[in-house]
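Q: all I have is the shape, not the residue letters:
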């Protein structure tokens, strides 16, 4: 439940920043989502970029614990 709230708040924050920059938030968020998870190739690219970051964060969290 908290994860969904965090995602919703992050999307609202991003939409506000995009709106303040003078662009339409709807098409920008649609392009962001379809570009990151819109197809199989997009899923692969997203996972290839995020896996090292997630593993690095896990290693740092483990060391600081």
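A: That came through, no problem. Computed from a predicted structure; not experimentally measured.
Q: okay, now residue 37: neighbour count?
A: Using other C-beta atoms under 10 Å, residue 37 has 13 other residues around it. Just so you know, the C-beta spots here come from the backbone N, C-alpha and C atoms, and that holds for glycine as well.
Q: does it really touch residue 47, like I thought?
A: No: using C-beta atoms under 8 Å, residue 37 is not in contact with residue 47, being 9.9 Å away.
Q: what separation is there between residue 50 and residue 5?
A: 21 Å (C-beta to C-beta, to the nearest Å).
Q: I misspoke; the intended subject was residue 14.
A: Look at residue 14 and residue 5: by C-beta to C-beta, they are 15 Å apart.
Q: for residue 47, same thing?
A: Taken as C-beta to C-beta, the span from residue 47 to residue 5 is 24 Å.
Q: pLDDT score assigned to residue 39?
A: Each residue has a pLDDT score; the one for residue 39 is 89.
Q: for the chain, which helix is longest?
A: Longest helix in the chain, counting residues (DSSP state H): helix 40-64.
Q: contact partners of it?
A: 34, 35, 36, 37 (C-beta atoms under 8 Å, 6 or more residues apart in numbering).
Q: list the contacts for the first one?
A: Residue 34 is in contact with residue 42, counting by C-beta under 8 Å, 6+ apart.
Q: where's it, which helix or strand?
A: helix 25-37 (DSSP states H and E).
Q: would you mark the buried spots in that helix?
A: Neighbour counts over helix 25-37 (16 or more other C-beta atoms under 10 Å) mark 25, 28 as buried.
Q: distance from that helix to the middle of the chain?
A: Helix 25-37 sits 10 Å away from the centroid of its parent chain (C-alpha atoms, centre = their mean, to the nearest Å).
Q: now do that helix against helix 40-64, angle only.
A: Helix 25-37 and helix 40-64 are oriented at 80 degrees to each other (axes from the mean of the first three to the mean of the last three C-alpha atoms, to 10 degrees).
Q: relative to residue 3, how far out is the nearest residue to residue 37 once chain neighbours are set aside?
A: Spatial nearest neighbour of residue 37, chain neighbours left out: residue 43 (5.9 Å); criterion: C-beta to C-beta, 6 or more residues apart in numbering. To residue 3, residue 43 is 19 Å away according to C-beta to C-beta.
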